[in-house]
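In: just need the structure, nothing else, for what follows:
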Amino acid sequence: MMTSMFVWAAVGGAFIGLSASLLMLSHGKVAGISGMIGGLLNPKTTDRSYRAWFLAGLVLVGLGFSLVRPQMLASTSSTPLGLIAAAGLLVGFGTSLGNGCTSGHGVCGISRLSTRSLIATSAFLVTGALTVFVARHLTGGGQ
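Out: Below you'll find the predicted structure:
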């Protein structure tokens, strides 16, 4: 089972890299999801079509995968929905503050050897590790 998990993770990573590369080759655009969503929601954006198709592809592949292998997407989290929503809003604020998200900086920026993306991705990882440490060890919310 553990080997299967790693294989699926590698396959998923390969598809993420392939989709980011294809978008860069075909449209000259970075596959940063927060930027795509932000651009799609911005009324001043003129290039909505590729954003809508790319995001629709993410959703459709996720839905298709949930039909084929639902156990791979199962969640055992007991985190309250309000806390998840608050975390999502904070992530949205952070991506705006950091001019991008892990997909834009971590996948696309680092592969282009961007110093800004290396620093941003390092900050994401350190902040995530500190958040988990605080949540699990300092607040008594260990899981």
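In: excluding chain neighbours, what is closest to residue 33?
Out: Residue nearest to residue 33 in three dimensions, not counting chain neighbours: residue 103, with 4.7 Å by C-beta to C-beta, 6 or more residues apart in numbering. C-beta: built from backbone N, CA, C; applies to glycine.
In: that neighbour: how many residues sit nearby?
Out: Number of residues near residue 103 (other C-beta atoms under 10 Å) recorded here: 21.
In: do the one 3 residues further on as well
Out: Look at residue 106: counted by other C-beta under 10 Å, it has 20 neighbours.
In: quick one, helices of this protein?
Out: 2-27, 33-41, 48-68, 81-97, 110-111, 115-133 (DSSP state H).
In: make JSON lines out of those helices and add mean pLDDT and distance to residue 139.
Out: JSON lines is the format used below for those (pLDDT from 0 to 100; distance: least, C-beta to C-beta, whole Å):
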{"stretch": "helix 2-27", "mean pLDDT": "86", "distance to residue 139": "29"}
{"stretch": "helix 33-41", "mean pLDDT": "86", "distance to residue 139": "27"}
{"stretch": "helix 48-68", "mean pLDDT": "89", "distance to residue 139": "31"}
{"stretch": "helix 81-97", "mean pLDDT": "84", "distance to residue 139": "12"}
{"stretch": "helix 110-111", "mean pLDDT": "86", "distance to residue 139": "32"}
{"stretch": "helix 115-133", "mean pLDDT": "90", "distance to residue 139": "10"}
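In: measure the residue positioned nearest the centre of the chain to residue 55 for me?
Out: Central residue of the chain (C-alpha atoms, centre = their mean): residue 103, 5.2 Å from the mean position. Distance check for residue 103 against residue 55: by C-beta to C-beta, to the nearest Å, it reads 12 Å.
In: appreciated, that's everything.
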